[in-house]
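Peer 1: Can you look at this prediction? I've put the sequence above it.
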Amino acid sequence: MKKLGLIALLVIVMVSCSSDTIFEKRESFPDLKWNRFKELTFNVPINNVEDGYDIIFTLRHITQYPFDNLSVELLTVSPSGEERVSSHSIPLKNKDGKFIGDVAGDLWDVEFKLREYVVFSEKGTYKMTIGNTMTYLDTPGIMDVGLKVVKSKIEL
């Protein structure tokens with residue numbers, strides 16, 4: 001009987017702690033460089049067109065990253081082929097020149113909302129491509145880059 005109670009409690013905890021993340025994927029750079037011409041494409045399934053979503057850029061870099069920001073472009077292509085492009089300068093240092101984000105040793109994790117409260121117009125797979133728009137051929141100090149789509153906490 002105790003086992004049944006424990007299983008029921010575990011199920012309740014798992015259901016109540018369910019994440020609002022509907023998509024998350026990262027691309028690693030073993031040589032710690034992101035080439036300007038290496039675009040990262042993510043296929044994001046959207047099954048609910050009534051909720052709003054936040055599109056979040058994720059980045060892991062090392063302390064030796066030499067710039068204050070990272071410039072990227074997001075291209076979103078809907079299942080029917082409609083395209084939207086947005087450019088972003090992601091701040092990686094504060095006004096005092098210190099890195100922002102979560103740190104563990106020499107690694108920094110940064111999340112930046114590229115778009116907030118997006119309501120998708122159609123169900124299906126959206127193709128989201130992130131491009132490096134820095135002026136250098138290779139941007140050093142990048143360990144991995146990713147994309148996360150979560151249900152927005154904003155209520156309209």
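Peer 2: Here it is on my side, so go on. Numbering: from 1, shown residues only.
Peer 1: buried residues in the lengthiest strand in the chain?
Peer 2: Secondary structure of the chain read by DSSP state E shows that its longest strand is strand 107-118. Judged by neighbour count using 16 or more other C-beta atoms under 10 Å, the buried positions of strand 107-118 are W108, V110, F112, L114, R115, Y117, V118. Every residue, glycine included, has its C-beta placed from N, CA and C.
Peer 1: Kindly report the same for stretch 36-45.
Peer 2: By neighbour count on 16+ other C-beta under 10 Å, the buried set for stretch 36-45 is L40, F42, V44.
Peer 1: again, but for stretch 93-100
Peer 2: With burial defined by 16+ other C-beta under 10 Å, the residues of stretch 93-100 counted as buried are F99.
Peer 1: pLDDT averaged over that stretch, what's the number?
Peer 2: For stretch 93-100, mean pLDDT rounds to 95.
Peer 1: try stretch 142-156
Peer 2: Taken as a whole, stretch 142-156 has an average pLDDT of 93.
Peer 1: Any chance of JSON lines for the buried residues of strand 107-118, columns pLDDT?
Peer 2: As requested, these are arranged in JSON lines below (pLDDT from 0 to 100):
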{"residue": "W108", "pLDDT": "98"}
{"residue": "V110", "pLDDT": "98"}
{"residue": "F112", "pLDDT": "98"}
{"residue": "L114", "pLDDT": "97"}
{"residue": "R115", "pLDDT": "96"}
{"residue": "Y117", "pLDDT": "96"}
{"residue": "V118", "pLDDT": "95"}
